[in-house]
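In: Take a look and give me a structure for this.
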Amino acid sequence: MERQIVESVQQWLRDVVVGLNLCPFARKPLRAGQIRYKVSDTRDDEALMAELLEEMQLLDSTSAEELETTLLIVPHHLQDFADFNQFLELAEWLIERHDYSGIYQLASFHPDYQFAGTRPEDEENLTNRAPYPILHLLREASVERLLGNYPDPESIPANNIRRVGGLTAEQKRQLFPYLFARDR
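Out: Prediction:
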C-alpha cells in the first residue's frame with residue numbers, strides 16, 4: 001500500500017508539478033533523486049507533529065546535495081481540508097518553536113485544496129491539489145537562491161493559474177484522476 005501511495009505522488013509530481021511546470025524548481029531535485037517521500041501512518045495531530053519534526057531533523061543531518069526536500073504524505077489523517085488547514089497553523093508553530101524559521105519553509109497540498117476567497121470548483125485550486133494531504137518541507141536557503149536566479153518569480157502563481165485554466169476536461173481527468181475517482 002505504501003508503495004502505491006508513493007507511486008501516485010511521484011506520478012503527480014512528474015505529470016502535474018513538473019509536467020505543467022507549476023514549480024519551475026522541482027525538475028532538478030526530481031531528476032537527481034533528492035526528494036524524500038515519507039508516508040505517515042499516523043491518524044492524529046500529535047504524532048504527525050512528531051513526524052514533521054523528525055523530517056526537519058533529518059534534513060538538518062543530510063546535505064542538500066543528497067536530500068533537497070521532503071514530502072510528508074498523510075493518507076490516513078486530515079482528509080477534511082478544514083482540518084488540514086488548521087493543522088498547518090500547528091505545523092508553522094512547530095517550525096517556529098524549534099527555531100526552524102528561516103531554515104525550512106512549509107508548502108502544502110491536499111486533494112480538496114482551496115485558496116482563500118475561492119470556490120471549491122475554481123480552477124486555480126488545482127495548482128495545490130494532490131492525491132493525498134502533503135506537507136512539503138523546503139530548505140529556505142535553496143528557495144531563496146532559486147528565486148534570486150529566476151526572472152520574475154512573482155509571475156509564477158498567475159502563470160500556474162493560466163496553465164491549469166487552459167486544460168481541457170479530458171486533460172484534467174488524466175492529470176487529476178483522484179479528483180474524479182470519488183464522489184465530489
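
In: my read: Gln114 touches Phe84, true?
Out: No: the pair Gln114 and Phe84 does not pass the contact test of Cβ atoms under 8 Å, sitting 10.2 Å apart. No exception for glycine: its C-beta is placed from N, CA and C like everyone else's.

In: Where does pLDDT dip in the chain?
Out: For the chain, the stretches flagged by pLDDT under 70 are 182-184.

In: switch to 50 and redo it
Out: Regions of the chain meeting the criterion pLDDT under 50 cover residues 183-184.

In: Tell me where the chain has helices.
Out: The residue ranges that make up the helices of the chain, judged by DSSP state H, are 2-12, 27-32, 45-60, 81-97, 140-148, 156-165, 169-175, 177-180.

In: Dump those helices into CSV; add distance to Glu123 and mean neighbour count as well.
Out: As requested, these are exported to CSV (distance: least, Cβ to Cβ, whole Å; neighbours: other Cβ atoms under 10 Å):
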stretch, distance to Glu123, mean neighbour count
helix 2-12, 17, 15
helix 27-32, 23, 14
helix 45-60, 29, 16
helix 81-97, 17, 15
helix 140-148, 25, 13
helix 156-165, 5, 15
helix 169-175, 9, 12
helix 177-180, 12, 14
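
In: could you dump the ones you listed to JSON lines with distance to Thr127?
Out: Rendered in JSON lines, the data for the helices of the chain read as follows (distance: least, Cβ to Cβ, whole Å):
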{"stretch": "helix 2-12", "distance to Thr127": "12"}
{"stretch": "helix 27-32", "distance to Thr127": "16"}
{"stretch": "helix 45-60", "distance to Thr127": "23"}
{"stretch": "helix 81-97", "distance to Thr127": "15"}
{"stretch": "helix 140-148", "distance to Thr127": "17"}
{"stretch": "helix 156-165", "distance to Thr127": "5"}
{"stretch": "helix 169-175", "distance to Thr127": "12"}
{"stretch": "helix 177-180", "distance to Thr127": "13"}
